[in-house]
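# give me coordinates for this.
(one chain, ligands or ions: 2)
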Amino acid sequence: MQKYNLDLHYHSPYAAACSKNISISLLSKEAKLKGLNLITTADSLHPIWKKHIKENIIEKDECLIFKEDKNNLEKTNFLLGVEVESAKRVHHLLYFRNLQHLDTFKKEINKYSQDMEKYGGGRPRLSLTPQELLDICVDYQVPLGPAHVFTPYFGVFAHYSSLKEAYGKNWKKIKFLELGLSADTQTANIIPDLKEVKFFSFSDSHSPYSYRIGREYVCADLKKPNYDSFLDLLNNKKGNKILYNVGYNPLEGKYNKSACKTCKQLYSLEQATVNNWRCIKCKGVVKKGVGDRAKEIAILQGNKKLLEVTKRPNYKYLIPLAQIIQIAIKQKNIQHKSVLEIYNQFIEQHTEIDIMLNVCEEKLNKINENIARYIIAFRNDLVVFRPGGAGHYGVPYITFSKKEKEEKQKEIDKETEIDLVQKTLF
Ligand SMILES: [Zn+2]
Ligand SMILES: [Zn+2]
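Ligands and ions are numbered 1, 2, ... in the order given. Sure thing, here's the model as predicted:
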């Protein structure tokens, strides 16, 4: 058994709004800088991208690797995967054993796609309901799990109140789901239906660079970094298991709290309901947050006290290093030269994951004392967030003492609260 860091959801150049530079070679290189060991080819149903995968991925020792890694001691391993969109615009993640498995499935699924061969079709739209899609996946032995499950518009729980309602008779064949940036384990672990379902945290990145991929990942014990061990992990077999999840504090996610789409005012579920999901400040639409949606579903499924459903691996919060640097040097653009210069100094000798979680203070100080101070504050849990909502990311603030943290928290609470009694317009 060995420890691997997995990020199995992001995109190729052929999905909408993605970096055109993405290639297997670049992904392999950037994953090493980040500290990821098992990543995905992504978008593997797309014909041009699939050709690129075929030309660049080889099988060695039962694992799929980038061909130039053949003789390297350190290898980036790949899993063939794809995200697809079904009816109601629900997103699902699928994985394949090898190219043959992928081709057989593609032949069947081609019948239901208009855009798979087109440029934005890396995440193809299928004219299938979630249930029809799952039934086909079961026939072809393709593991399926819903992506960013609570996200408004594209998450399964935006449209359905249980996996059974969405996926029908085969729903118990669903062995995993992706939490999405606005949720963590705690958010989802109140839903009774999900008791046997593994929780994944992946980046859903649209850029291949190490400061983007792996912003969320899963650390797992695997026999081998390959499809068989991945299946074994899903089915609790042979000791393959998730050790812990790593990702954003959900408060930083775009859809964490219920909030006004126009003026960003935050609402509690009760406040929003009382006001018919209209903003009392600007009359804008209030969009339901991921946390509130999860609570609603839990209650609908009978967990009225919102108790934890089962014991699960820890969820560790992470802020990407480039973002820490951005905050420290007050630079708005994460891709600015000044951010990347410092970033590159840090990842010269260590992976980004190691820098953020493990490398000792003394070593960090030698690289850059100012940034080291921020990393240590992050490790000491001195970060407070102005929560995200209605499509606006939350904002992290790094403080340097418990007292400063409390004061900043009070300031945020005051700034975000709303006095319903006095301001109600309806
Ligand atoms: Zn998606
Ligand atoms: Zn408003």
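# where's the residue of the stretch 301-426 of the chain found nearest ligand 1 relative to Y153, distance?
Closest residue of the stretch 301-426 of the chain to ligand 1, Cβ to the ion: G391 (14.5 Å). In short, each C-beta sits where N, CA and C put it, glycine included. G391 is 10 Å from Y153, where distance means Cβ to Cβ, to the nearest Å.
# one more: E270?
E270 is 24 Å from Y153, by Cβ to Cβ.
# of the two, who's got more company?
Between E270 and Y153, Y153 has the larger neighbour count (other Cβ atoms under 10 Å), namely 14 against 11.
# and the more buried one, what helix or strand is that in?
Under DSSP states H and E, no helix or strand contains Y153.
# need the pLDDT of the nearest residue to it once chain neighbours are set aside.
Nearest non-adjacent residue to Y153, counting by Cβ to Cβ, 6 or more residues apart in numbering: R89, 6.1 Å away. Looking at R89, its pLDDT is 96.
# next, R89: phi, psi?
phi 60, psi 30 (degrees, to the nearest 10).
# over to the one 4 residues further on?
Phi and psi for L93, reported as degrees, to the nearest 10, are phi -100, psi 140.
# closest approach to ligand 1 from the chain, which residue is it?
Closest point on the chain to ligand 1, by Cβ to the ion, is H91, at 3.5 Å.
# what about that residue, how many residues nearby?
Neighbours around H91, by other Cβ under 10 Å: 23.
# count of neighbours near the residue nearest to Y153?
R89: 12 neighbours (other Cβ under 10 Å).
# kindly report the same for G302.
For G302, using other Cβ under 10 Å, the count is 7.
# and what of I367?
Counted with other Cβ under 10 Å, the neighbours of I367 add up to 18.
# the one 10 residues further on too?
A377 sits with 19 neighbouring residues when counted by other Cβ under 10 Å.
# sec struct for it, please.
helix (DSSP: H, G, I helix; E, B strand; the rest coil).
# how about Y209?
Under three-state DSSP, Y209 comes out as coil.
# which residues sit in contact with R386?
Residues in contact with R386, defined by Cβ atoms under 8 Å, 6 or more residues apart in numbering, are 394-395, 397, 412, 415-416.
# which strand residues bridge it?
V395 (DSSP bridges).
# R312 versus that one, what's the distance?
28 Å.
# ok, Y112 next?
Distance from Y112 to R312, by Cβ to Cβ: 34 Å.
# ditto for V383
Using Cβ to Cβ, V383 is found at 23 Å from R312.
# between those two, which one's more packed in?
V383 (22 against 18).
# all the strands of the stretch 201-350 of the chain, in order from the start?
Per DSSP state E, counting those that start in this stretch, the stretch 201-350 of the chain carries strands over the ranges 217-222, 241-247, 258-260, 266-267, 286-287, 314-317.
# give me the residues contacting the first one.
The one in question is strand 217-222. Residues contacting strand 217-222 (Cβ under 8 Å, 6+ apart): 1-8, 36, 38, 200-203, 229-230, 233, 239-247, 353.
# okay, the angle between that strand and strand 241-247?
Relative orientation of strand 217-222 and strand 241-247, computed by axes from the mean of the first three to the mean of the last three Cα atoms, to 10 degrees: 170 degrees.
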